[in-house]
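# Take this sequence and fold it.
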Amino acid sequence: MSDHPIPPDHADPESGERRILSPGSPNPRREFLRSAALFTATAGALGGGLELLTRRPGGPGSAEAQGAAFTRPARPLGPYDTSEAVTPYAQATSYNNFYEFGTDKSDPARMAGSLKTRPWTVRIDGEVRKPMTVDIDTLQGWFPLEDRVYRMRCVEGWSMVMPWLGFPLAALIRRMEPTSKAKYVQFTALLDPKQFPGQRQPVLNWPYVEGLRLDEALHPLAFMAVGLDGRVLPGQNGAPLRLAVPWKYGFKSIKSVVRITLTEKQPQTTWALAAPQEYGFYANVNPAVPHPRWSQATERRIGELGRRKTLPFNGYAEQVAGLYRGMDLRRFF
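Numbers count the residues shown, from 1 in each chain. A predicted model of the protein is given here:
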């Protein structure tokens, strides 16, 4: 599909790479996520998922699954949280774009049992002083996990409000010590057609690749999620590690990440290669710039009737507009 092949995620480690595979220091919250992730693989094989094991709200037949509002435990809003109503867990985990499982919105929830999230390693390389391959449990144990309630706007014109659990991307990047040549961050998702049946079809140029400019990646809003609504991240939502950049269209928030590479040149990203006139590298939410096939001025919030106005940068203009000062946002879409 492209004249620019995407680097495979199984390339030989560069000289000096370290492999860190042992668990980090004990952390109760991290241990919960680790245990839940292990349970997910078992329950997924049985077709029930994590809900069968935990009996948390949102399981089949629950009030939430029938459309009732889910009340989250009260907590003070953080500096990056939206105060908007959270999308019910059952809807957030059953209406998804994740083409690795299939192109229908229901495919990810139906097929996610094939994804095994343990063992799982993430390779961090490129323009960093500390390249390494790290076990996912060790990685998330490096940082205190935070709750973030973010708006999420799909390029297709629908939106949700997602209560993520994870850590700032900036914390991970700084730990790796970028070199002076680092200008961009490239993310690569897992390539495994056995686990991702959608990859058996040439819908996209697999594996899925996304990227950010380094200053975008270091912004406090850029977030690596390992959980959703206080629970382990479901497979259909990008387990065990996904990106969340709330001021950009949802396709930028790559799922099931296995490699993070700091580069000097702008990455060749999947959708920008597949349809460059429709999906730009930046993909900042901009209601004034229509998609070639539909308007972006309004959106449909999942769980609501009617449509609402879309906000510039998805409502995060005050925080992020300065990143693009002087840029033509119609040209760099």
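# now the helices for this structure?
28-45, 49-54, 89-92, 107-111, 136-141, 169-176, 214-217, 270-274, 317-320 (DSSP state H).
# Between those helices, which has the poorest mean confidence score?
Lowest mean pLDDT within the helices of the chain: helix 49-54, at a mean of 31.
# how close does the nearest residue to Tyr150 once chain neighbours are set aside sit to Leu191?
In this structure, Tyr150 finds its nearest non-sequential neighbour in Pro246, 4.0 Å apart by C-beta to C-beta, 6 or more residues apart in numbering. Where C-beta positions appear, they are placed from N, C-alpha and C, glycine not excepted. Pro246 sits 27 Å away from Leu191, going by C-beta to C-beta, to the nearest Å.
# Pro292 now?
Distance, Pro292 to Leu191, by C-beta to C-beta: 29 Å.
# again with Val245
Counting by C-beta to C-beta, the gap from Val245 to Leu191 is 22 Å.
# Those two - which one has more neighbours?
More neighbours surround Val245 than the other of Val245 and Leu191, with 26 against 19 (other C-beta atoms under 10 Å).
# Was I right to think that one contacts Leu218?
No. Val245 lies out of contact with Leu218 (C-beta atoms under 8 Å); the separation is 11.8 Å.
# Run through who's touching the lengthiest strand in the chain.
Using DSSP state E, we find that the single longest strand of the chain is strand 158-168. Applying C-beta atoms under 8 Å, 6 or more residues apart in numbering, the external contacts of strand 158-168 come out as 33, 72, 82, 84-87, 91-92, 140, 142-153, 220, 222-231, 233, 244, 299-302, 310.
# Mark which of these are buried, thanks.
By neighbour count, with 16 or more other C-beta atoms under 10 Å, those hold 33, 82, 86-87, 91-92, 140, 142-143, 145, 147-153, 222-231, 233, 244, 299, 301-302, 310 as buried.
# Can you pull out the low-pLDDT segments for the chain?
Within the chain, the segments meeting pLDDT under 70 span 1-74.
# List the buried residues for the longest strand of the chain?
By 16+ other C-beta under 10 Å, the buried positions in strand 158-168 come out as Trp158, Ser159, Met160, Val161, Met162, Pro163, Trp164, Leu165, Gly166, Phe167, Pro168.
# Export that strand to CSV, keeping only CA atoms.
Output in CSV follows, covering the C-alpha atoms of strand 158-168 (Å, rounded to 0.1, in the frame of the first residue of the first chain):
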residue,chain,number,x,y,z
TRP,A,158,-18.4,10.6,17.4
SER,A,159,-16.9,11.1,20.9
MET,A,160,-16.7,9.7,24.4
VAL,A,161,-15.3,10.7,27.8
MET,A,162,-12.8,8.2,29.0
PRO,A,163,-11.5,7.7,32.6
TRP,A,164,-8.0,6.5,31.9
LEU,A,165,-5.5,5.1,34.4
GLY,A,166,-1.8,5.4,33.6
PHE,A,167,1.2,7.7,33.6
PRO,A,168,2.5,10.8,31.7
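# now it and helix 169-176, what's the angle there?
30 degrees (axes from the mean of the first three to the mean of the last three C-alpha atoms, to 10 degrees).
# so what strands line up beside strand 158-168?
Sheet pairing of strand 158-168 (DSSP bridges) gives strand 146-153 (antiparallel), strand 223-228 (antiparallel), strand 298-301 (parallel).
# Quick one: those strands as CSV, columns for distance to Gly280 too.
Below are those laid out as CSV (distance: least, C-beta to C-beta, whole Å):
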stretch, distance to Gly280
strand 146-153, 15
strand 223-228, 22
strand 298-301, 19
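# Tell me the spacing between the residue nearest to Tyr150 and Phe167.
Distance from Pro246 to Phe167, by C-beta to C-beta: 15 Å.
# likewise Leu218?
From Leu218 across to Phe167, the span is 13 Å (C-beta to C-beta).
# Please apply the same query to Tyr324.
Tyr324 sits 25 Å away from Phe167, taking C-beta to C-beta as the criterion.
# And for Arg151?
19 Å.
# Isn't Gly315 up against Met152?
No. Gly315 is beyond contact range of Met152, at 11.0 Å (criterion: C-beta under 8 Å).
# Excluding chain neighbours, what is closest to Glu84?
Nearest residue to Glu84, sequence neighbours excluded (C-beta to C-beta, 6+ apart): Val161, at 5.0 Å.
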